[in-house]
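*Asks:* build me a model from this:
(one chain, ligands or ions: 1)
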Amino acid sequence: RKSKSVTVIGLGPMGQAMAAALLEHGYKVTVWNRTSSKADELVTKGAVKAFTIHEALAVNELVILSLTDYDAMYAILEPASEHLSGKVLVNLSSDTPKKSREAAKWLADHGAGHLTGGVQVPPSGIGKPESSTYYSGPKEVFEAHKETLEVLTGTDYRGEDPGLAALYYQIGMDMFWTSMLSYLHASAVAQANGITAEQFLPYASETMSTLPKFIEFYTPRINAGEYPGDVDRLAMGLASVEHVIHTTQDAGIDITLPTAVLEVFRRGMEYGHAGNSFTSLIEIFKNSEI
Ligand code: NDP
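*Replies:* Numbering: from 1, shown residues only. Next up, the predicted model:
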């Protein structure tokens, strides 16, 4: 049985939470961070502070990276690239699928294994099995380290392509940011009308909670590339977005966000989708020339 020993590189809020969770589970944890003082609190909890990146790599096969992005990984590992052979790097830094694929190749060229991870929870969710992280990369590498990774969060292995975990993460963030901005925008309109954020909360939650039903209804149609206007028509949707913009203007609130939405609806109308469902707008997104 392998000894429970792991290196964590990158001690932002995420890396700190990860190292702490591993320590709590009895792991021997070696840590390294560019700003080395960020390791101090972990050292009081039993972590070993590596003074060089070489030392951090030398002591363990499994190396977890929690950095701002993949450029930070190169900044740290390139000067120590001759020490990468035989290591397994689990990169839990968020970046693009393309960058993840390039990194997997770069590491393979240096004799190291790579798993891409996309953590779906904030630091407070680390150490909780109900939290989830996407992983991708060689299945046998994932299986070999799954037990350790499950100390951090639950795992959701997406496949061999190293880009997949980053891809699932980014499409989730695509939805997250747009949805959360819609919530902030609506809250601004509400507040301008004397409705407090507290008062808006049950209504905002109710609206958000209806979305899965819409997604489930439209999924088979989107899958089939069919957008019949039997339930909703784009022309109706356009009028509705205009009402949102007018309500926003009347409240003296910025219209940038709904105007961007309106622009997509307009392009759909110009493309002849007036009688189709608003879901036909996916064709506008797919063809950036339109
Ligand atoms: P931070 O930005 O706080 O931490 C970044 C870490 O990267 C620090 O250790 C920092 O070192 C290091 N770093 C950045 N650039 C360089 C560089 N050029 N050379 C060396 N080290 C560098 O991020 P978090 O801890 O919050 O998150 C880490 C990753 O997890 C990110 O990719 C983030 O997107 C992802 N994530 C974060 C979530 C969150 O809620 N925080 C949620 C889900 C994912 P130094 O301390 O010296 O600056």
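*Asks:* helix, strand or coil: sort out the closest residue to Leu62 other than its chain neighbours for me.
*Replies:* Once flanking residues are discounted, Leu62 sits nearest to Val6: 4.8 Å by CB to CB, 6 or more residues apart in numbering. In this view, the C-beta of every residue, glycine as well, is placed from N, C-alpha and C. Following DSSP: H, G, I helix; E, B strand; the rest coil, Val6 is assigned to strand.
*Asks:* Val43 - nearest residue in space that isn't next to it in sequence?
*Replies:* Among residues not flanking Val43 along the chain, Lys49 sits closest, at 5.3 Å (CB to CB, 6+ apart).
*Asks:* next, the contact list for that neighbour, please.
*Replies:* By CB atoms under 8 Å, 6 or more residues apart in numbering, the residues touching Lys49 are 30-32, 36, 39-40, 42-43.
*Asks:* now the closest residue to the ligand within the stretch 151-290 of the chain: which helix or strand?
*Replies:* Nearest residue of the stretch 151-290 of the chain to the ligand, counting by CB to the nearest ligand atom: Tyr169, 7.8 Å away. Using DSSP states H and E, Tyr169 sits in helix 164-192.
*Asks:* can you name every helix or strand that that helix contacts?
*Replies:* helix 97-109, strand 113-119, strand 128-136, strand 153-159, helix 197-224, helix 234-250, helix 256-270 (3 or more CB pairs under 8 Å, 6 or more residues apart in numbering; DSSP states H and E).
*Asks:* quick revisit: the nearest residue to the residue of the stretch 151-290 of the chain closest to the ligand once chain neighbours are set aside bridge partners, please.
*Replies:* Nearest in space to Tyr169, with sequence neighbours left out and distances taken as CB to CB, 6+ apart, is Gly118 at 2.8 Å. In this entry, Gly118 is beta-bridged to Tyr134, by DSSP bridges.
*Asks:* from the ligand, how far out is Gly118?
*Replies:* 7 Å (CB to the nearest ligand atom, to the nearest Å).
*Asks:* next, the contact list for that residue, please.
*Replies:* Contacts for Gly118 (CB under 8 Å, 6+ apart) come out as 92, 94, 133-135, 165-166, 168-170, 172.
*Asks:* which PyMOL command selects the buried ones in the residues you listed?
*Replies:* A single PyMOL command is used to select the members of the contacts of Gly118 judged buried by 16 or more other CB atoms under 10 Å:
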select buried, resi 92+94+133+134+135+165+166+168+169
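*Asks:* need the contacts of Gly118 in JSON lines (columns: distance to Glu283 and pLDDT).
*Replies:* Shown next, in JSON lines, are the contacts of Gly118 (distance: CB to CB, whole Å; pLDDT from 0 to 100):
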{"residue": "Leu92", "distance to Glu283": "35", "pLDDT": "98"}
{"residue": "Ser94", "distance to Glu283": "29", "pLDDT": "95"}
{"residue": "Thr133", "distance to Glu283": "33", "pLDDT": "98"}
{"residue": "Tyr134", "distance to Glu283": "28", "pLDDT": "98"}
{"residue": "Tyr135", "distance to Glu283": "32", "pLDDT": "98"}
{"residue": "Ala165", "distance to Glu283": "28", "pLDDT": "98"}
{"residue": "Ala166", "distance to Glu283": "26", "pLDDT": "98"}
{"residue": "Tyr168", "distance to Glu283": "23", "pLDDT": "98"}
{"residue": "Tyr169", "distance to Glu283": "25", "pLDDT": "97"}
{"residue": "Gln170", "distance to Glu283": "21", "pLDDT": "97"}
{"residue": "Gly172", "distance to Glu283": "23", "pLDDT": "96"}
